[in-house]
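Asks: Sequence and predicted structure are below.
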Amino acid sequence: MSQPTHPTFPAATILGYPRIGPRRELKRALESFWSGTTTETDLATAAAGLRERTRTHLTDLGLDPQTAAIPSDFSYYDQVLSTAVAVGAIPERFGIDASASINLADYSRLARGDAETAPLELTKWFDTNYHYLVPEIGPDTPLQYVPGSGPVAEFVEAKEAGVHTRPVVVGPVTLLALAKGTDPLARLDELVAAFQKLLVELAETGATWVQFDEPALVSDNGTIPAAQLNDAADRAYRALAATADRPGILVAAPYGDLRERFATLAGTGVEAIALDLVKGEIPDDGALAQARGLTLVAGLVDGHNVWRTDLHAAAERLQRLRTAHDGPVSVATSTSLLHVPHTVADETDLPEQLRSWLAFADEKVGEVLALTAGPEAAAEAFAASRTVRADRASAPGVRREDVRRRTGALTAADTERADASARAAAQQERLNLPPLPTTTIGSFPQTSDLRRARAQRRKGEISDEQYTEVIRGEIARVIELQTELGLDVLVHGEPERNDMVQYFAELLDGFAVTQHGWVQSYGSRCTRPSILWGDVSRPAPMTVEWTRYAASLTGKPVKGMLTGPVTILAWSFVRDDLPLGEVADQVALALRDEVADLEGAGIGVIQVDEPALRELLPLRAEQHQAYLDWSVRSFRLATSGAAPHTQVHTHLCYSEFGEVIDAIDGLGADVTSLEAARSAMEVVPELAQAGFSRGIGPGVWDIHSPRVPSTEEIVDLLGRALAAVPAQQLWVNPDCGLKTRGYDETTASLRNLVAATERVRAAL
Ligand SMILES: Nc1nc2c(c(=O)[nH]1)N[C@@H](CNc1ccc(C(=O)N[C@@H](CCC(=O)N[C@@H](CCC(=O)N[C@@H](CCC(=O)O)C(=O)O)C(=O)O)C(=O)O)cc1)CN2
Ligand code: MET
Ligand SMILES: [Zn+2]
């Protein structure tokens, strides 16, 4: 069989670019479409404008507009959803014709659900704070390529605008590895057949290269056993490579190391493989021998963090790869730039020195180009890279002896509390809670009034005193609402927090925050990850006044609310010059002081959220234990200064808990609330089997959807939980905080939650 020939792969490229827009244009366009303020055409026009801007901008930054160097990787909501839709993998319950192009209302319905239909499940994308929609692929799910799909339309749009792009889709192995349903892998051949049609259509429209993202191949955390994954990669790419008329195939493996799967892919007939050389290693000579003639795309610029690249070190590795590999070597980012903000140039409020250490998406394009040009041609960039690294190493605040002395003096005793049953007795005596206590996870709806007040304070339009009054007014309203609803453990509602991590980062030393550094978390929702650049300490209490005020308004217990060390690290850009465990200890000690101050203010229940505990779990099994050791230890360090009669809660969400069940137990919290509603409480028996004996609050209300759960539904969920754990262990709460919900559904749902609890209590 004659191999198709393909134009040379571009020397410099990126694996993807942020699609939300430098001022979150896509967010605004989506949200106004969803609210009915604008039409589908308005949304499509806004998106086309963003894509046009991206192509022009990347061209201006120096990527070649003619040789497939510019990726076309747009998605209205999520790239996994968009790929699933392109191959027609749409669950029947949505009543959508999977063989035709989907409209944006239906596309949105898959992501968001509606009154009758539950949306696709949302979960974490590898070890990032990005969330994808879980494809549902069972034996009967339709799988057929939809002609004129997103990747083709986007390629054609760019071509007509004079830019020859490289379409990016999620690869077949990753799509199935992430899917739920009975044995998704059994559908591999049909899925590959659908992708073959995509390849043919792309070739017909003139595409020369296509990128398949296959991050599942760098992980062994998935549900598919390693051998099967390797075999699937082999089968899928042999078949794709055998497609008669097709573009060149680049398989990208971001977030880790392909290991033995590199040789597997190399043997399939694909033309190019992109390696994450930030997280992974250069393949050994034996593996490279099998890749002779292939293009290797060296991911040397970190797509997942914001520090400027050490260009000399990267150039040295590039040279090593060029020497060892018999074939072309290109330069790229290690991952899509989806995880970093657009540009440092917008951050005019950052201290100049810190700013000089950073590279966001646009600056990373410059680094890729400098590496491609080499140390001589790009002498200035190389010199600057050296200067800023030296400057960073010696800058004040990066290393603080007071902070290092305190972490250096820690002992095992600092992570131990009194015996759990003694604690439980002391807490019950103090709190006197009914069986099945009801509570919420912390935040109440973030209204536009609150966000506006924060924006006004930032611009100096209202004073700090006026802002404080707005927040106190909201706290009083939220306390009154919870009292009226009859909840048992109240919260202040977190109205003062722009974000559960950024809020703390703004109050801790060692962090900086950005003005425009928005990064997509899911759909239209974004965060501005903080930058943890130096040693961390707490100059003053951070939450005590708000909590004390809330507690002064009620006789019921009010839960203090903190974000845990692991989550603060996971949702920030963290310094790369100190082991994560040491950074976590610094953050934990700051939180430990906050716990002590909350206790001092008379607060008897304190929740330390760790929703990101699972997120940072390494993608390779042999690294799990070391991670769980430091992460669990840092949580315990933050919380174990609490007196026995202080009830410590924790909260986890947004993931499959299976692999971290023992770690959840290891956190040692008196009460643990977890997301559970969509999975019908399956985590409760898992915890019970693992011997978990402290309080459990499995979520009974899926707060990611506007649907109000009925009283009967909640009674049913509580019944399932009670089948696995004794009543005295069970708490009743929603899946997560309510900040993204409105007040109507919040009030109605909490009313049903309390009514259901009363019904179940009466039957105990
Ligand atoms: N960091 C983080 N990661 C997380 C979560 C989380 O809560 N935080 N939760 C999980 C799910 N992910 C989520 C991520 C974002 C949001 C979210 O609601 N984000 C908000 C922004 C939150 C925020 O930073 N708000 C700021 C800024 C708000 C804003 O847009 N201000 C306007 C002006 C406002 C006005 O005039 O009305 C502006 O700057 O232009 C504030 O409240 O102060 C959004 O996209 O809309 C929710 C969940 C997992 N990962
Ligand atoms: C993503 S976990 C959120 C926990 C936080 N306390 C809240 O209620 O919003
Ligand atoms: Zn949560």
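Replies: Looks like it came in fine. None of the values given here were measured: they were computed from a predicted structure. Ligands and ions are numbered 1, 2, ... in the order given.
Asks: How about the helix or strand that contains Ala453, which residues are buried there?
Replies: In the assignment (DSSP states H and E), Ala453 maps to helix 448-458. The neighbour-count check on helix 448-458 (16 or more other C-beta atoms under 10 Å) flags 450, 453-454, 457 as buried. Heads up, the C-betas are built off the backbone N, CA and C, glycines and all.
Asks: Starting from the lowest-mean-pLDDT helix or strand in the chain, tell me which strands it pairs with and how they run.
Replies: The weakest-scoring helix or strand in the chain, judged by mean pLDDT, DSSP states H and E, is strand 122-124 (a mean of 90). Sheet pairing of strand 122-124 (DSSP bridges) gives strand 131-133 (antiparallel).
Asks: quick one: contacts of the strand it pairs with?
Replies: By C-beta atoms under 8 Å, 6 or more residues apart in numbering, the residues outside strand 131-133 that reach it are 77-81, 84, 110-111, 119-125, 178, 521-522, 654.
Asks: List the ones among the residues you listed that fall in strands.
Replies: Of the contacts of strand 131-133, the ones assigned to strands by DSSP state E are 122-124, 521-522.
Asks: returning to that earlier point: what helices or strands is the following helix or strand past the helix holding Ala453 leaning on?
Replies: Under the assignment DSSP H and E, the closest C-terminal helix or strand after helix 448-458 is helix 464-485. Contacts defined by 3 or more C-beta pairs under 8 Å, 6 or more residues apart in numbering; DSSP states H and E place helix 464-485 against helix 448-458, helix 544-552, helix 743-762.
Asks: Past helix 464-485, which element shows up next along the chain?
Replies: helix 502-507.
Asks: From the contact counts, what lies against that next one?
Replies: strand 530-537, strand 559-563.
Asks: Mean neighbour count, mean pLDDT and distance to Thr223 added to the ones you listed, as CSV?
Replies: As requested, those are arranged in CSV below (neighbours: other C-beta atoms under 10 Å; pLDDT from 0 to 100; distance: least, C-beta to C-beta, whole Å):
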stretch, mean neighbour count, mean pLDDT, distance to Thr223
strand 530-537, 23, 98, 33
strand 559-563, 27, 98, 30
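Asks: Using a markdown table, please lay out those together with distance to ligand 3.
Replies: Below are those laid out as a markdown table (distance: least, C-beta to the ion, whole Å):
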| stretch | distance to ligand 3 |
| --- | --- |
| strand 530-537 | 18 |
| strand 559-563 | 11 |
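Asks: Dump those to a markdown table, plus distance to Arg392.
Replies: Converted to a markdown table, those look like this (distance: least, C-beta to C-beta, whole Å):
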| stretch | distance to Arg392 |
| --- | --- |
| strand 530-537 | 8 |
| strand 559-563 | 26 |
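Asks: What's the local residue count around Asp220?
Replies: 18 (other C-beta atoms under 10 Å).
Asks: measure it to Leu619 for me?
Replies: From Asp220 across to Leu619, the span is 7 Å (C-beta to C-beta, to the nearest Å).
Asks: cool, and Val566?
Replies: 16 Å.
Asks: Show me which residues of the stretch 651-764 of the chain sit near ligand 1.
Replies: Of all the residues in the stretch 651-764 of the chain, those in contact range of ligand 1 (C-beta under 6 Å from any ligand atom) are 654, 739-740.
Asks: Which helix or strand contains Leu175?
Replies: helix 172-178.
Asks: and that helix, how far from the chain's centre?
Replies: On the basis of C-alpha atoms, centre = their mean, to the nearest Å, helix 172-178 sits 18 Å off its chain's mean C-alpha point.
Asks: What of stretch 678-687?
Replies: 22 Å.
Asks: mind listing what's buried in it?
Replies: Buried residues in stretch 678-687 (16+ other C-beta under 10 Å): 678-679, 681, 683-684, 687.
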